[in-house]
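Predicted model and sequence below, questions to follow.
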There are 2 protein chains.
Amino acid sequence: MGQVKYIKIADEIRNRITRGHYPPDQAIPDEMSLAKEFGCSRMTMKKALEVLVLEGLLYRKRGHGTFILQSSLQPDQVNVLSGETIGLTASAKGRQVTSQVIAFHVDFPDPEVAKHLSIDQETPVYHILRLRFVDGEPYVMERTYMPSPLITGINEEVLKGSIYQHIQENLGLTISSSHKMIRADKPHELDQKHLACTPDDPILEVEQVVYLSNGTPFEYSFARHRYDKFVFTVINIQRPQ
Amino acid sequence: MGQVKYIKIADEIRNRITRGHYPPDQAIPDEMSLAKEFGCSRMTMKKALEVLVLEGLLYRKRGHGTFILQSSLQPDQVNVLSGETIGLTASAKGRQVTSQVIAFHVDFPDPEVAKHLSIDQETPVYHILRLRFVDGEPYVMERTYMPSPLITGINEEVLKGSIYQHIQENLGLTISSSHKMIRADKPHELDQKHLACTPDDPILEVEQVVYLSNGTPFEYSFARHRYDKFVFTVINIQRPQ
DNA sequence: TAGTGGTCTAGACCACAGA
DNA sequence: CTGTGGTCTAGACCACTAC
């Protein structure tokens, strides 16, 4: 769990909300009361509540109070991916994720790949093509590029499981952010073959660059999803002015 | 512009970054130096930089410094929508947005619409169907539901422009957040007719609930986009632990 | 050891809402 | 007027990085 105080407080309040500890139709206690209860300053309390606002559980109204967003209590359908988690293995919690390696080799990157990975064309890159299953159903086809000098120790064994788990646990690297571009597309032949879809079944494609905590991009990928098995959810909070 | 200090500082630093004021391959000045330059406390400086981190312009490394994310300097293609702006009129800056009203009437909501707008089925709701053009090209078909007692003064004139502008400027309401679900779909007949697409052209659909700053949902909508004219971009920063 | 960002504090003042 | 959240401060200590 979070070793940091504001994360621990946010975790506790999130639990209270989802377990119905606070009446959903009135304000939760004010910042000062909560700060006193949790033995922290008001600023720290504010930071904890800010986490839950960004998750879409709470909204706050100056001069009024902090309230539970009704929609957060409705069991939103499958909710396959949120803006928060990275990686299919982490997203499909409780369901079994398996992977079939279709292609795996090392090559020099083309200019587009090199550009997104911020490397030159002389740096070798893993080319990985995986078909991924959730509970045995074909779910997504992932084409992934990673600089091989940076992400070491990739082999068939790793590819059958979770690359992200390998990066974090075996390589000790920290994943920090991702930039995604989401679009619809027509199915390629490869999609039709492996995702078992017809020529008029659309594909939802997620193009992504993922960064380590030192700012280095380590993954450039295209994930192509069956249109009937994937919804991408995003929560957007406006900044003042 | 932002009347708030940290927003104004963020605006200034954003300008410096995009104009190349800071060398892109080394750290920008540290928090204390910047705080001194802008005449603010270190906490305020941190808050300003946090804004730019969330926008994907900067990344920060404890014990190391604050750096410009290379990818933010590359002129990312069209970048039609980011997680930040709400509303087509605001997204398609510099391009001409026009709207054609296909249907517009008031009715009672079905249970699904009522649920997402947090109203009962006796509250009348605007049903709006608009085709929207960017620079004269058909771009997106929007089906929108809004509670008519809440969003007043909607007429053909407003619908041909920007509803959001009407809500903010004429009604004085503040839009605060949105929850989006993005998926691919096959084109309906209505899509094919108005978006000028063929039966095998996919559609990118954005289902959305938009909230006022008092937490009231005021819009439930489905925006159906031509697959070749819309990319949805999302930036995701991981929280510690 | 020096320098960086991350967290946390105690308190101040401001902006906004409702009685 | 009171109470709410929003901002800002000056300073402390901690965690991590590089030298």
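Arrived safely.

which other helices and strands contact the one helix or strand A:K46 maps to?
In this structure, A:K46 sits in helix A:42-54 according to DSSP states H and E. Where contact means 3 or more CB pairs under 8 Å, 6 or more residues apart in numbering or on different chains; DSSP states H and E, helix A:42-54 is packed against helix A:5-18, helix A:31-38, strand A:58-61, strand A:232-237. Bear in mind the C-beta positions are built from the backbone N, C-alpha and C, glycine included.

State the mean pLDDT of the third one.
Per-residue confidence for strand A:58-61 averages out to 88 on the pLDDT scale.

Need the residues that contact that strand.
Contacting residues not belonging to strand A:58-61 are listed as A:17, A:28, A:49, A:52-53, A:66-69, B:176-177, B:211, B:213-215 [CB atoms under 8 Å, 6 or more residues apart in numbering or on different chains].

For stretch A:201-210, what does the pLDDT average out to?
pLDDT averaged over stretch A:201-210 gives 93.

what about it, near chain B?
Yes - Stretch A:201-210 is in contact with chain B by CB under 8 Å from any CB of the partner chain, via A:201-204, A:209.

If I average pLDDT within each of the helices and strands packed on helix A:42-54, which one is lowest?
strand A:232-237 (a mean of 80).

Could I get the CA-only coordinates of that strand as PDB?
Taking Å, rounded to 0.1, in the frame of the first residue of the first chain, the C-alpha atoms of strand A:232-237 are listed here in PDB:
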ATOM      1  CA  PHE A 232     -11.900   3.000 -22.900                       C
ATOM      2  CA  THR A 233     -13.000   5.200 -20.100                       C
ATOM      3  CA  VAL A 234     -11.600   8.700 -19.300                       C
ATOM      4  CA  ILE A 235     -12.300  11.100 -16.500                       C
ATOM      5  CA  ASN A 236     -11.500  14.700 -17.100                       C
ATOM      6  CA  ILE A 237     -11.500  17.400 -14.400                       C
END
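
Can you spell out which helices and strands pack onto that strand?
helix A:42-54, strand B:175-185, strand B:232-237.

quick one, which of these is nearest to A:P187?
strand B:175-185 (10.2 Å; CB to CB).

Please convert the helices and strands packed on helix A:42-54 to a markdown table, extending it with distance to DNA strand D.
A markdown table is the format used below for the helices and strands packed on helix A:42-54 (distance: least, CB to the nearest atom of the strand, whole Å):
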| stretch | distance to DNA strand D |
| --- | --- |
| helix A:5-18 | 11 |
| helix A:31-38 | 4 |
| strand A:58-61 | 4 |
| strand A:232-237 | 10 |
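
got those as TSV, with mean neighbour count columns?
Output for these, formatted as TSV (neighbours: other CB atoms under 10 Å in any protein chain shown):
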stretch	mean neighbour count
helix A:5-18	17
helix A:31-38	15
strand A:58-61	19
strand A:232-237	20
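
Distance to B:K193 for these - can I get that in JSON lines?
Below are those laid out as JSON lines (distance: least, CB to CB, whole Å):
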{"stretch": "helix A:5-18", "distance to B:K193": "44"}
{"stretch": "helix A:31-38", "distance to B:K193": "53"}
{"stretch": "strand A:58-61", "distance to B:K193": "39"}
{"stretch": "strand A:232-237", "distance to B:K193": "27"}
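
between those, which gets nearest to B:V125?
strand A:58-61 (22.0 Å).

Name the nearest residue to the residue of chain A found nearest chain B, ignoring sequence neighbours.
Here chain A gets closest to chain B at one residue, A:P202, 3.2 Å apart by CB to the nearest CB. In this structure, A:P202 finds its nearest non-sequential neighbour in B:P202, 3.2 Å apart by CB to CB, 6 or more residues apart in numbering or on different chains.

And chain A, split by domain according to the record?
Following the assignment in automatic domain parsing, chain A carries domains at A:5-73, A:88-226.

Tell me how far the shortest one lies from the chain's centre.
Yep, that's domain A:5-73 we're talking about. 23 Å (CA atoms, centre = their mean, to the nearest Å).
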